[in-house]
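**Q** Kindly return the folded structure for what I paste below:
(3 chains)
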Amino acid sequence: MPELPEVETVCNAIRKSIKTNKIKEFVIINPKLRWNIDANIKKLLSKVDIRKIYRRGKYIIFNFNHGSLIIHLGMTGIVKFLKNRHKVNKHDHYEIKFQDNTILRYNDVRKFGSIHWAENIEDNFLIKNLGVEPLSDNFNYEYIKKISKKRNVVIKNIIMDQRIVVGIGNIYASEALYMSKIKPNKNCKLLSTDNFKSLVKSIKKVLQKSIKAGGTSIKDFQSIDGSPGYFKQKLLIYGLEKCACGKNIKNIRISGRSSFYCSNCQK
DNA sequence: CGAACGACCTGCAGGC
DNA sequence: TGCCTGCAGGTCGTTC
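**A** Got it, this is the predicted structure:
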């Protein structure tokens, strides 16, 4: 479900909704997620203060004096804020209760999401191999060009590889490649320097614009108050039938994922 | 080492 | 109406 703009939206909304940094307790409702929820988290999150909440790639990180909580939304993970009285819904998995009795509740239909505790976040197996942040200066054409020259995969797989650059998923990969007029199934070795420059620019642009619109809601995605993201109306290629040029948009499968492109506009 | 692919899960739409 | 297939914002672990 969520790519960088959606995770950023949720992360910002959590920060805004939290009125106290004091956690009372952590409650496991259904431990079964991508990895079973570690029961120790309950002890670790009893009466502790949050120091910082931030995003790294597609992960939401709660930082404490004694470690960090690492949350991934998978495909269908949803975070909600509740008041005292609440019934457990289908697919609820855990909740964080705050001192003022507000509750952050995690719901995940497909159970691809996860939650981990890490004493040292940089050592965590999910975090330590992550690539550069796409909106940082570390993500530039020289970086992506250098990597691409020694790899033998299609360019879409390069930009979706979280060890290279984080946060880009299936939607924004198609969008960015369309914006820079590059076919998603083009071998990454064959891109020109101008291609790389354009691609980096497009990625930054589409992510920034989507963050401003509150992310993209195709089906499941919603922010914590249940509101959708409005970037869907701005998609240029993903899930569409016709390109602006009038040609039918092609939908091919690359590594098992739907990939949209226009054979007229993208070379 | 890099690349390809299956596996994990539920719900929904479409075809017969 | 019901059954079956395929598809969905992800990515780790295994195999070649």
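
**Q** just the helices in the stretch 151-267 of chain A please.
**A** A:155-160, A:170-179, A:193-212 (DSSP state H, counting those that start in this stretch).

**Q** What count of nearby residues applies to residue A:155?
**A** Residue A:155 is flanked by 28 other residues according to other CB atoms under 10 Å. C-beta here means a position set from N, CA and C on the backbone, and glycine is covered the same way.

**Q** wait, is residue A:26 part of a strand?
**A** Yes: counting by DSSP: H, G, I helix; E, B strand; the rest coil, residue A:26 is found in a strand.

**Q** isn't it right up against residue A:46?
**A** Yes: counting by CB atoms under 8 Å, residue A:46 is a contact partner of residue A:26 at 7.3 Å.

**Q** how near is the spatially closest residue to residue A:19 that is not a sequence neighbour to residue A:79?
**A** Closest residue to residue A:19 apart from its sequence neighbours, by CB to CB, 6 or more residues apart in numbering: residue A:100 at 5.7 Å. Distance, residue A:100 to residue A:79, using CB to CB, to the nearest Å: 17 Å.

**Q** Please identify which of these two sits among more neighbours.
**A** Comparing residue A:100 with residue A:79 by neighbour count (other CB under 10 Å), the higher total belongs to residue A:79, at 23 against 12.

**Q** Is that one bridged to anything, and to what?
**A** Beta-bridge pairing for residue A:79 (DSSP bridges): residue A:106.

**Q** Tell me who's in contact with whatever residue of the stretch 151-267 of chain A ends up closest to DNA strand C.
**A** Residue nearest to DNA strand C within the stretch 151-267 of chain A (CB to the nearest atom of the strand): residue A:169, separated by 2.0 Å. For residue A:169, the contacting residues are A:2-4, A:58, A:160, by CB atoms under 8 Å, 6 or more residues apart in numbering.

**Q** Kindly report the same for residue A:253.
**A** residue A:259.

**Q** Please apply the same query to residue A:62.
**A** Residues near residue A:62 by CB under 8 Å, 6+ apart: A:50, A:52-53, A:68-69, A:71.

**Q** Then residue A:108?
**A** Residues touching residue A:108, when contacts are defined by CB under 8 Å, 6+ apart, comprise A:33, A:73-74, A:76-78, A:91, A:93.

**Q** which one is it nearest to, not counting chain neighbours?
**A** Distance criterion CB to CB, 6+ apart; nearest residue to residue A:108, sequence neighbours excluded, is residue A:77 at 4.5 Å.

**Q** Please tell me how far the one you found sits from DNA strand C.
**A** Taking CB to the nearest atom of the strand, to the nearest Å as the measure, residue A:77 and DNA strand C are separated by 9 Å.

**Q** surely that residue meets residue A:107?
**A** Yes: in terms of CB under 8 Å, residue A:77 counts as a neighbour of residue A:107; the distance is 7.4 Å.

**Q** More neighbours: the two, which one.
**A** For the pair residue A:77 and residue A:107, the greater number of neighbours falls to residue A:77 (30 against 20), based on other CB under 10 Å.

**Q** remind me which residues of chain A are low pLDDT?
**A** Where chain A drops to pLDDT under 70, the residues are A:1.

**Q** can you list the domains in chain A?
**A** The record assigns chain A these domain ranges, following automatic domain parsing: A:4-123, A:141-261.

**Q** So for residue A:62, what's the nearest residue that isn't a sequence neighbour?
**A** In space, residue A:62 comes closest to residue A:69 once its chain neighbours are excluded; the distance is 4.0 Å by CB to CB, 6+ apart.

**Q** and the closest residue to residue A:110 other than its chain neighbours, how many neighbours?
**A** On the basis of CB to CB, 6+ apart, the spatially nearest residue to residue A:110 that is not a chain neighbour turns out to be residue A:76, at 4.6 Å. Here the number of neighbours of residue A:76 (other CB under 10 Å) works out to 18.

**Q** quick one: residue A:76 and residue A:218 touch, right?
**A** No: between residue A:76 and residue A:218 there is no contact, the gap being 11.4 Å when judged by CB under 8 Å.
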